[in-house]
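K.L.:
Structure for the following, please:
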Amino acid sequence: MALKTVEWKNNSVIMIDQTKLPSSLEYVTYTDYNQVADAIRTLVVRGAPAIGISGAFGLALAALQSDAKEKDQLIQDLETAQKTLLKTRPTAVNLAWGLEKIMSVAKSEKTVGQIRVSIVEVAKQMAEDDIQINMSIGKNGSKLFSKNDTIMTHCNAGALATVGYGTALGVIRATKESGKNIKVIATETRPVQQGSRLTAFELKHDGIDVSLIPDTAVGYTMANGLVNGVIVGADRILRTGHVFNKIGTYQVATMAKQHNIPFYVAAPLSTFDMKNNPEDVIIEQRKASEVTGIGDKKTAPDGINVINPAFDMTPPELIAGIITEKGVAKAPFEESIKKLFQAN
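P.N.:
The predicted model follows:
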């Protein structure tokens with residue numbers, strides 16, 4: 001495995017600090033769930049699947065940190081930690097999924113000792129499963145692309161957005177591993193540059209041919225026939241096929257439709273939200289300084305109003321297929337998504 005984003009070692013959580021990329025590949029070690037919460041909030045770790053596993057590991061740390069001698073007290077401590085971790089990023093559904101899975105394990109055990117052991121084991125298994133799930137997504141998606149294709153991707157849905165391998169980039173990796181020669185065009189993904197800092201770094205690191213474009217050049221590259229397909233990840237997918245992903249995804253999908261280029265989404269079933277409707281989803285609004293400067297350099301006047309949503313919604317009519325570990329959902333999405341869950 002080329003890059004491992006988050007892992008459990010010696011009762012600690014070890015993460016790649018993604019805020020330091022691409023300048024340096026640095027790892028951080030956490031022993032307190034509040035540190036993990038802070039890491040999620042400040043984008044040390046990001047990407048829906050990676051956040052889900054980080055949340056699970058955060059609760060494992062909380063179980064070890066707790067002085068509780070009785071089950072009820074430990075559950076109370078875990079619920080406090082769960083609330084802290086859940087508040088960090090409201091849009092990605094994997095975080096709630098990871099936390100709920102660990103809480104149900106905790107509640108099912110009888111003693112404090114059993115809870116601590118089980119939580120750590122289950123969280124570690126979730127991390128291992130994430131890699132296997134991504135490989136299955138990759139295999140299912142690789143059939144949709146041909147040799148010599150140039151695939152566009154937006155944001156980072158690679159090893160750095162998961163425990164390892166990736167969702168959208170997992171499909172790209174699997175396509176290459178199947179013997180097809182492919183190229184990738186990555187958008188820079190303003191304002192936090194996940195495309196230029198992370199996707200370009202990761203693909204170059206793995207020897208995959210990648211070209212970087214400004215977000216404003218999506219239409220140009222498509223109009224000039226430089227792209228055969230688009231693949232992105234997702235932070236939340238509704239039962240209706242509405243996809244919430246990094247801001248700018250909707251524009252890329254709209255442009256792809258205009259140029260008859262298939263637009264695919266790759267995500268595990270843990271990213272699906274089968275309960276909520278589009279209007280129920282909270283879009284995270286991030287701080288103005290991400291837009292008004294780069295690092296310490298100011299790029300906008302003081303006191304300017306800023307609208308900085310982290311995500312947007314792509315409607316199902318723009319999507320050619322949603323690639324999961326259980327197969328590819330296609331329109332009508334409500335039916336095909338339901339079938340994937342029945343196969344699960």
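K.L.:
ranges for the strands of the stretch 51-200 of the chain?
P.N.:
150-153, 183-187 (DSSP state E, counting those that start in this stretch).
K.L.:
ok, residues contacting the first one?
P.N.:
Among residues not part of strand 150-153, those counted as contacts by C-beta atoms under 8 Å, 6 or more residues apart in numbering are 145, 168-169, 172, 175, 182-187, 195, 199, 218, 221-222, 226-232, 252, 256. Using the backbone N, CA and C atoms, a C-beta is placed for each residue, glycine as well.
K.L.:
buried subset of these?
P.N.:
145, 168-169, 172, 175, 182-187, 195, 199, 218, 221-222, 227-232, 252, 256 (16 or more other C-beta atoms under 10 Å).
K.L.:
if I pick Gly47, what's in contact with it?
P.N.:
5, 156-158, 160-162, 233.
K.L.:
And it, how far from Ser196?
P.N.:
Going from Gly47 to Ser196 by C-beta to C-beta, to the nearest Å gives 16 Å.
K.L.:
repeat for Leu160
P.N.:
Distance from Leu160 to Ser196, by C-beta to C-beta: 13 Å.
K.L.:
So for those two, which sits in the more crowded spot?
P.N.:
Leu160 (27 against 20; other C-beta atoms under 10 Å).
K.L.:
my read: the more buried one touches Ala200, true?
P.N.:
No - with contact defined as C-beta atoms under 8 Å, Leu160 does not reach Ala200; the gap is 11.2 Å.
K.L.:
Tell me where the model's unsure across this structure.
P.N.:
Along the chain, the parts satisfying pLDDT under 70 run over 1-2, 344.
K.L.:
Looking at it, which helix is longest?
P.N.:
When the chain is scanned for its longest helix (criterion: DSSP state H), the result is helix 112-142.
K.L.:
rewinding a little: just send the contacts of Gly47 back as CSV, with distance to Glu109 too.
P.N.:
Formatted as CSV, the contacts of Gly47 follow (distance: C-beta to C-beta, whole Å):
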residue, distance to Glu109
Thr5, 28
Asn156, 36
Ala157, 34
Gly158, 35
Leu160, 33
Ala161, 31
Thr162, 28
Gly233, 33
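K.L.:
Separate out the buried members of those residues.
P.N.:
Among the contacts of Gly47, those buried by neighbour count (16+ other C-beta under 10 Å) are 5, 156-158, 160-162, 233.
K.L.:
Go through these and name the one nearest Val112.
P.N.:
Distance ranking of the buried ones among the contacts of Gly47 against Val112, using C-beta to C-beta, places Thr5 first at 30.3 Å.
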